[in-house]
Every structure is written in C-alpha cells, then in structure tokens.
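Trainee: A predicted structure for the sequence below; I have some questions about it.
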Amino acid sequence: MPLTRRQLLQAAVASAGGAMIPYVFSADAATQAEPKSKNDRFGIGSIGMRYQGTVNTNHALPYGDVVAICDVDREIGEKAVAHFGGKATLYEDYRRLLERKDVDVVFVGAPDHWHTKMLIDACLAGKDVYAEKPLTLTVDEGKHLLPVVRRTERVVQVGTRLRSDHIHRLACETVAAGRLGKLRRVMVGVGKNPTGGPFPSEAAPPHLNWDLWLGQAPLVPYTKERCHFTFRWWYEYAGGKMADIGAHELDQAQWGMGMQHSGPVEIEATATYPDVANGYNVATSFAVRMRYANGVELITGDALPGGVRFEGERGWLHGRKGEINGAPFDLLNDDPIPREQYQLYAHDNLSRPLRTGKEGQLDVHVGNFFDCVKTRNTPLSDVVSQNCAANVCHLANIAQRLGRKLRWNPDEQVFVGDEEANALLRRPQRKGYEISV
C-alpha cells in the first residue's frame with residue numbers, strides 16, 4: 001500500500017533524528033502516565049473554568065490532583081468541582097486559592113483581561129503557572145509581568161500549544177535551514193470577527209459576581225454577551241481574532257522567521273468597525289502589513305486563508321491545523337534537515353502516549369510544563385517569546401485603530417515619535433483591580 005502523507009512525514013522526522021514515534025492512543029493513557037509515588041504528584045489550583053480552563057486542567061491530571069478551583073460564576077465552578085471528582089474546594093476570589101499551601105501549580109483560564117494580574121499574583125505567591133494565551137491585554141502589561149517572573153524564578157508556560165506540534169516545529173526548522181532560500185514574506189490568516197448587537201442589559205444572575213468578572217475593565221451593566229466565550233469580541237476584555245487566533249499563528253510566524261524575541265519595525269493597517277450600541281466592537285474587516293528589521297514582510301488579516309504561509313525565493317510552505325503543504329516540505333523525505341544544527345526547542349514528552357490534533361498538542365504542552373516545574377528549566381512557550389507574540393497582536397490592533405503607518409522600536413517597546421500611538425499601549429484600570437507589583 002502507498003504511504004500516506006502523514007506516514008511519510010513520520011519517516012522524515014525519524015530519519016532526521018527527531019523524537020516522533022508512531023503510536024496508538026489508548027483510553028488508559030492517563031493512568032499509565034501517573035507517577036509511581038504519590039509524593040510525586042502536584043497540588044493543582046485552576047482559575048476560570050469555562051472552556052479552556054477545564055480543558056487544560058484535564059491534561060494536568062496525570063501529574064497532580066485538583067485541590068482548589070476558582071470561578072466568579074458559581075454554577076460553572078460547581079460543575080468543575082464535580083467534573084474533577086468533587087474533592088476540590090471552590091472559591092470565588094482567586095486570591096484565596098493562591099493562599100493555599102497545598103497548591104503547587106496554577107492554571108489560569110480566565111478571560112484575557114485577567115491573565116496578567118492573575119499571573120503576577122500567582123508568581124508572587126510562589127506558584128508555577130500555566131496561563132492561557134494571549135499572555136497580556138496590552139503592551140504595558142508585559143512590562144510589569146516579565147520582571148516579576150524573572151525575580152520570582154517561577155516556571156510559566158503560555159498555552160500557545162502549536163509550539164508543541166512536531167509538524168509546525170518542523171516547518172519552522174525548514175525555514176530556518178534555508179530550504180525556501182531567502183525568506184521574503186509571511187502571510188497569516190486569523191479569520192473574521194463575529195458581529196452582533198445591540199444586546200440588552202439586565203440584572204446579573206445571582207450566581208455570577210459581575211463586578212469581579214469585570215475586574216480592571218470599565219464598570220458597565222451586565223450583558224450576557226460580554227462574558228463567557230463571547231468576551232473575545234469586545235475590546236474591553238480581549239482583542240478579537242487578531243489576539244485570539246493571532247496569539248497562535250503570529251507566534252508561529254515569528255518563530256519561523258527567527259524573530260520570536262523581537263517584533264516588527266513598521267506597521268500599517270486598515271479596518272472597519274461596527275456602529276452599534278452595546279454590541280461587539282471588534283473590527284468587522286481588517287488588513288495589516290508589517291516589516292521586520294531583517295526585511296521580511298508579514299501580512300495578516302481576516303481575508304487571508306487560515307494558517308501561516310512562508311514565502312521565500314525558492315518556494316513556499318503553508319501550515320494549518322497540523323498539516324503542512326509545499327514542495328520544500330515534501331523533499332524532507334529524501335533530504336532531511338540536519339537537526340543538530342537547526343533544531344528548535346523540541347519536547348515530545350514521549351513518556352506518555354500522544355493523541356493527534358489539539359488533544360495531542362495539549363498532551364505535549366502541558367507535559368512540558370510539568371517537566372519544567374520539576375527541572376526548573378525554561379518551558380517551550382516562555383514568557384519572553386509569548387510577550388513578543390502578544391505584542392504583535394496588540395500592535396496590529398492599534399494600527400487598525402489609527403489607520404496609518406507606525407514605526408516601532410521592538411527593543412524599547414515604544415512607537416517612534418508618535419505619542420498618540422504610545423498612549424494606546426496601556427489602558428485605564430478600574431480602582432481596586434490595578435496591576436501592581
């Protein structure tokens with residue numbers, strides 16, 4: 001029988017010295033991976049249990065026990081407690097969870113506008129943290145966060161799980177090895193923002209602490225579309241598709257470009273916005289063009305095909321959802337990359353059988369976090385590179401708002417000679433919820 005594309009890729013990775021091994025995932029994989037000694041297990045505290053918070057914590061079960069759960073929506077919190085066996089203590093205020101001595105690691109799955117503050121407070125409380133992406137809500141937040149992580153020496157893994165996908169990593173290594181020739185352009189599609197509104201305001205349900213949910217954001221009447229999953233389409237709490245999907249895809253783009261610890265030097269963008277009261281306020285259409293110091297152009301927006309496309313003088317690669325297309329990638333079977341020279345940070349966590357797709361990526365990504373908690377090594381999605389990835393998303397959104405070319409200093413993290421743009425690097429924070437260190 002002819003080999004499938006995936007089998008060919010597996011052979012290519014194996015011949016290149018990579019760690020990928022064909023496997024079959026079994027239902028009892030989690031129990032197989034449990035440490036032999038009960039003393040090896042970590043106490044897990046999880047904050048923000050709607051959607052990704054519970055998903056990420058599920059992948060932590062082979063390494064520890066969920067002892068504390070926090071959610072400002074009591075109904076969601078109670079469901080999460082039951083989901084994880086009914087023994088965890090439920091909190092409404094995450095600071096009470098951080099006071100627990102038996103909480104070793106914290107998972108942050110709260111909405112974007114809470115990520116930085118919860119992360120800082122967890123580090124100051126002596127906890128290691130797995131935090132959802134994007135790492136920050138504004139560029140200014142990163143300037144507060146990074147010194148705290150360095151000073152406290154905590155292990156922080158950001159949930160940009162595509163870094164733990166061996167196919168995406170190999171695509172970036174292919175670019176780094178020069179198989180496309182000189183890299184000229186990277187194109188990133190992030191998808192269109194939903195539209196909606198106006199939405200009615202109403203009394204907050206009794207099981208939801210609406211003031212605490214809002215946190216640093218402006219105090220407004222409760223609107224159910226502002227919270228839970230749809231918070232992503234309000235600039236008060238997130239950055240739309242540009243930050244939601246861009247945190248994954250733009251990180252991959254910068255990783256392949258070798259610019260994961262830097263950023264663009266020029267940004268220009270266009271966008272249109274909805275004219276609706278109390279409705280989704282992210283851009284209804286947007287296009288962004290950036291230029292990096294190495295001359296590479298990055299184009300992103302809502303009208304491009306999803307995923308990341310690298311274009312060089314000798315060919316192209318396009319990666320999306322675990323699949324890579326392009327002639328240079330196909331040639332790896334006969335001419336593998338010398339991985340000892342071009343290998344990026346690889347952690348396949350093969351002590352545990354892996355699944356494919358998103359589940360497999362999270363198996364590896366969460367496993368990498370716990371391995372680094374044990375060894376005190378830097379995890380795959382480290383805060384420095386992920387702060388840079390989040391910044392690119394924020395810069396793109398700022399350029400969309402202003403609609404003109406901006407010059408950016410990635411080292412100083414300021415716009416050059418543009419006070420109007422620099423004012424957008426931070427946001428007012430409601431009293432009592434300020435980010436402080």
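Mentor: Perfect, I can see it now.

Trainee: what is the neighbour count of the closest residue in space to residue 413 that isn't next to it in sequence?
Mentor: Among residues not flanking residue 413 along the chain, residue 139 sits closest, at 6.0 Å (Cβ to Cβ, 6 or more residues apart in numbering). In this view, the C-beta of every residue, glycine as well, is placed from N, C-alpha and C. Residue 139 has 23 neighbouring residues, counting by other Cβ atoms under 10 Å.

Trainee: I'd say residue 139 and residue 396 touch.
Mentor: No. With contact defined as Cβ atoms under 8 Å, residue 139 and residue 396 do not form a contacting pair (11.6 Å).

Trainee: run through this structure and note the low-pLDDT ranges.
Mentor: Scanning the chain for pLDDT under 70 picks out the ranges 1-39, 348-354.

Trainee: got the phi/psi numbers for the spatially most central residue of it?
Mentor: In the chain, the residue lying closest to the centroid (Cα atoms, centre = their mean) is residue 133, at 2.9 Å. Reported as degrees, to the nearest 10, the phi and psi values for residue 133 are phi -90, psi 160.

Trainee: my read is that it contacts residue 249, right?
Mentor: No. Between residue 133 and residue 249 there is no contact under Cβ under 8 Å: 11.0 Å.

Trainee: got a list of what the closest residue to the residue nearest to the centre of the chain other than its chain neighbours touches?
Mentor: Excluding its sequence neighbours, the residue lying closest to residue 133 (Cβ to Cβ, 6+ apart) is residue 247, at 4.0 Å. By Cβ atoms under 8 Å, 6 or more residues apart in numbering, residue 247 lies in contact with 133-135, 160, 386, 389-390, 393.

Trainee: distance of the residue nearest to residue 413 from residue 379?
Mentor: To residue 379, residue 139 is 22 Å away according to Cβ to Cβ, to the nearest Å.

Trainee: with residue 202 instead?
Mentor: Taking Cβ to Cβ, one finds residue 202 at 42 Å from residue 379.

Trainee: same question for residue 389.
Mentor: From residue 389 to residue 379 the distance is 14 Å (Cβ to Cβ).

Trainee: which one of the two has more residues nearby?
Mentor: residue 389 (30 against 24).

Trainee: which helix or strand contains the more buried one?
Mentor: In the assignment (DSSP states H and E), residue 389 maps to helix 383-402.

Trainee: that helix packs against which elements?
Mentor: Applying 3 or more Cβ pairs under 8 Å, 6 or more residues apart in numbering; DSSP states H and E, we find helix 383-402 packed against helix 139-152, strand 156-158, helix 240-244, helix 246-257, strand 266-272, strand 285-291, strand 406-409, helix 419-422.

Trainee: quick one: contacts of the second one?
Mentor: Pointing back at strand 156-158 there. 119, 123, 128-133, 135, 149, 365-366, 368-369, 372, 379-383, 386.
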